[in-house]
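Q: Here is the input, now give the coordinates:
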Amino acid sequence: MGGPGGLGLVQLRRGKRRARGEPLVGDYTRVALQGSGHGVRIALPAGLMDTLTIRRPDDWHLHLRDGAMLQAVLPETARHFARAIIMPNLLPPVVTLADAAAYRDRILAALPPGMVFEPLMTLYLTEGTDPANVAAAAASGLVKAVKLYPAGATTNSQSGVRDLARVMPVLEKMAEIGLPLCTHGEVTTPEVDIFDREAVFIDTVLDPLRRRLPELRLVMEHITTGEGVAYAAEAGEGLAATITTHHLILNRNHILAGGIRPHYYCLPVAKREKHRLALRRAATSGSPRYFLGTDSAPHVDALKEDACGCAGCFTATNTMSLLAHLFEEDGALDRLEGFTSLHGPAFYRLPVNQGTLRLEKRPDQCLWPDKISSDAGPVTVFNPGFPVHWHVVA
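A: So this is what the prediction gives:
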């Protein structure tokens, strides 16, 4: 079970509702699911499952920041996730192998005693990136991907790429050695409406790039549109897409209708309801093209609740409970493990985790802190706006 083609193990217990402390009633259904996500399919009527045990999940898109913020938020991820692809958009950005090694050391130094977590490092692609350094970073085993930020697209992206032609030697080297490119898939030209940026990026940047370098392995990060879902579904081998927790919950009305809610503001921004539903169908489909990348992005409240607030939702604390709720709603609890624990390792050619995570559905509602404290200031935990009863218990 230790490879990309290995089996995932889902344990489900079905029984009648009970008070806490009463014994579970029902039988285990033990199902071995192929890493492709297209293994045995079992019907899971909403409300009838009590416990769910899956391979320990990974987060394939995570912001940990640095310094005081890193110290505060790292335990929120390490509590539930074995590994995460770490975003490199620090100030200054993580551009070289030496930068990545130093950042990894700071992450591990911030890990509380008794917690086990593996940061999977990435490099920030700039127009001055050296192809030889990228190749050395990949050969070292430390760096698992390179991140493309269009300049101005999101937090700390000012060092990003303005002209893709200037980074083609790097991309060609990555295609040669099989190192994935993770893309923030939005154009930033001012004439393109913010709600259209992803679709335009696919048409004008992503598809031409893939036609020029079809062997380049690529992740469409945090897709937010039906167009993104469709492109990932129809693409050939070597392309996958991550989906965030908050984009499975929010549409743009949640941000804007009845008043501006800054803690729902993120980039890419949430879109119309039809796009949210397309993401839900993709995430719960069992297709190995889609896997979890939370894009959990902490900012102190003073920078979120500002006249020009920062983009990002902090979901590390409650993602697994929220996903269990959503997948149960869609009758797809048996596919949660694929989305969180199997499809990502398969794409990145890494073994699945040997540990497990157990969730239990209880009558009492999950209670999370409203805020995480840090020496930099408070960070608001994502509030889904509805009660959740799936508790992470082990």
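Q: Give me the most central residue, the protein.
A: Geometric centre of the chain, nearest residue: Gly293, 0.8 Å, by CA atoms, centre = their mean.
Q: Distance-wise, check it relative to Gly226.
A: Going from Gly293 to Gly226 by CB to CB, to the nearest Å gives 18 Å. C-beta: built from backbone N, CA, C; applies to glycine.
Q: Kindly report the same for Ser341.
A: Ser341 is 26 Å from Gly226, by CB to CB.
Q: More neighbours: which of the two?
A: Ser341 (28 against 19; other CB atoms under 10 Å).
Q: Would you confirm that the more buried one contacts Gly355?
A: No: applying CB atoms under 8 Å as the test, Ser341 and Gly355 come out as separate, 10.0 Å apart.
Q: Find the residues that touch each one of these two.
A: Shared contacts of Ser341 and Gly355 (CB atoms under 8 Å, 6 or more residues apart in numbering): Arg55, Arg56.
Q: Okay, and Asp99 sits in which element?
A: Taking DSSP states H and E as the criterion, Asp99 maps to helix 97-110.
Q: again with Val134
A: Secondary structure assignment for Val134, by DSSP H and E: helix 131-140.
Q: If we go by neighbour counts, what in that helix is buried?
A: The neighbour-count check on helix 131-140 (16 or more other CB atoms under 10 Å) flags Pro131, Asn133, Val134, Ala135, Ala137, Ala138 as buried.
Q: Kindly report the same for stretch 368-377.
A: Trp368, Ile372, Ser374, Ala376.
Q: just curious, which of these is nearest to Tyr124?
A: When the buried residues of stretch 368-377 are compared for distance to Tyr124 (CB to CB), Ala376 wins out at 21.6 Å.
Q: That closest one: what's it in contact with?
A: Contacts of Ala376 by CB under 8 Å, 6+ apart are Gly67, Ala68, Met69, Ala72, Val300.
Q: Could you pull out the buried residues of stretch 102-121?
A: Tyr103, Arg104, Arg106, Ile107, Ala110, Leu111, Phe117, Glu118, Pro119, Leu120, Met121.
Q: residues contacting the third one?
A: Contacts of Arg106 were listed using CB under 8 Å, 6+ apart, and they are Asp66, Leu70.
Q: Endpoint to endpoint, stretch 148-163 covers what distance?
A: Using CA to CA, to the nearest Å, the end-to-end distance of stretch 148-163 comes to 11 Å.
Q: Then stretch 284-301?
A: 32 Å.
Q: tell me which residues of it are tucked away?
A: 284-300.
Q: taking those residues one by one, which sit in strands?
A: Assigned to strands by DSSP state E, the following of those qualify: Tyr290, Phe291, Leu292.
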